[in-house]
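Engineer: Provided below are the primary sequence and the corresponding predicted coordinates.
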Amino acid sequence: MNGRTIATRTSIWPWLRFLLGAAILVALALRLGAEPFVEGVRRADLTAVLVALVVTAGTTWCCAWRWSLLSRRLDIAVPVRTAYRRYYRSQLLNATLPGGVLGDLHRGIDHGRSAGALGRGLRSVLWDRASGQAVQASLAVAALVLLPAAVRSDLGWLLLAVVGIGLALTAALPARVRRATVTELRTLRPVLPQVALASVLAAIGHVVVFVVAARSVGVTAPLVELAALALVVLLASALPLSVAGWGPREGAAAWLFADVGLGAETGLSVAVAFGVVSLVATLPGVLTLADRRPADRRPADRTPAEPVEAPTSGQEPTRG
């Protein structure tokens, strides 16, 4: 495979993700009509917005702490206060730009360049997102026992398929990439309990916002059931097939709420309300858009995670 082919596929993938996310939204509009979308926006009241703003401030700190822990182990430390500013900015960009991941890409590149290690900067963000989603997936699997048997069966097979695809993709990676990943995971192991705690706290915060959005729409289902639904819907929202985060989340909510007897229209309205209040909750990130303060790196107290090598012609940083 030549460089031109790789570049072409790389340039096509963001557009493909955008189109798939848009296709999900169009399919929902054709199937359920525009009313659930309008209802979701209309029901996103001031109380839900205020709760989202306060809770998101806390979840952002948890995520910033997680990223700070991981980046320090990779010898490109970013203090929590700096990580907090940059995380707010990345969330705003994720919520307003196509694809839903451009903010994280910018965060990785920005930190990597300021630290003089672009590859490790990108990998610190990759580990940050991957660890958060791994914990969220574990919570979603645990929450299946709280849902009706029919829903558990459907989701169980779906999750097994996702795990199978993930294992197949991992097996398809070059051996050197797998070895490097295992080596770096060992480097990160001392902070993994703290990383897991930060991820759990962040996931709980997102569930709180989802439940408040559902109540604002008028859903009266038991709190435990709503929390379980929230965990699964939020896991779907992590799929990189969206229009600034929209698409998979709404599709998953419509399907799950219909499966538990709450109605697909209700699920779609809840997801839209959640999307609206979550978008508003990222607006403090506007204050960080022009933030060019240095990363305030501190000397590391451990052996660097990778040797320093002289740059070679044509070498490109990678996430792996």
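Structural biologist: Arrived safely. Keep in mind the model is a prediction, meaning the values are calculated, not measured.
Engineer: can we go C-alpha only for contacts and neighbour counts from here?
Structural biologist: Will do.
Engineer: tell me the helices in the chain, going along the chain?
Structural biologist: With DSSP state H as the criterion, the chain has helices at 3-32, 35-43, 46-73, 80-96, 102-115, 118-143, 149-172, 175-188, 192-217, 223-237, 248-259, 264-281.
Engineer: Does anything pack onto the last one? Which helices or strands?
Structural biologist: I take that to be helix 264-281. helix 35-43, helix 46-73, helix 80-96, helix 192-217, helix 248-259 (3 or more CA pairs under 8 Å, 6 or more residues apart in numbering; DSSP states H and E).
Engineer: closest one to Ala115 among those?
Structural biologist: helix 46-73 (10.4 Å; CA to CA).
Engineer: Just the angle for that closest one relative to helix 175-188, thanks.
Structural biologist: 100 degrees (axes from the mean of the first three to the mean of the last three CA atoms, to 10 degrees).
Engineer: Pick out the residue closest to the middle of this structure.
Structural biologist: Ala238 (4.7 Å; CA atoms, centre = their mean).
Engineer: Could you check the pLDDT of the closest residue to that residue other than its chain neighbours?
Structural biologist: Setting aside the residues directly before and after it, Ala238 is nearest to Gln133 in space (CA to CA, 6 or more residues apart in numbering), at 7.4 Å. pLDDT for Gln133: 90.
Engineer: And Gln133, how close does it get to Pro284?
Structural biologist: Here the distance between Gln133 and Pro284 works out to 24 Å (CA to CA, to the nearest Å).
Engineer: Gly116: neighbour count?
Structural biologist: 12 (other CA atoms under 10 Å).
Engineer: Count the residues that sit near Ala130.
Structural biologist: So Ala130, with other CA under 10 Å, has 12 neighbours.
Engineer: So, low pLDDT: which residues of the stretch 201-320 of the chain?
Structural biologist: Applying pLDDT under 70 to the stretch 201-320 of the chain flags residues 240, 291-320.
Engineer: no no, the stretch 1-150 of the chain
Structural biologist: 1-15.
Engineer: switch the cut-off to 50
Structural biologist: 1-3, 5-10 (pLDDT under 50).
Engineer: Surely Leu118 and Ile109 touch.
Structural biologist: Yes. Leu118 lies in contact with Ile109 (CA atoms under 8 Å); the separation is 6.2 Å.
Engineer: Please report how far Ala271 lies from Ala238.
Structural biologist: In terms of CA to CA, Ala271 sits 14 Å off from Ala238.
Engineer: and what of Leu229?
Structural biologist: 15 Å.
Engineer: Could you report the neighbour count for Leu201?
Structural biologist: The burial count for Leu201: 16, using other CA under 10 Å.
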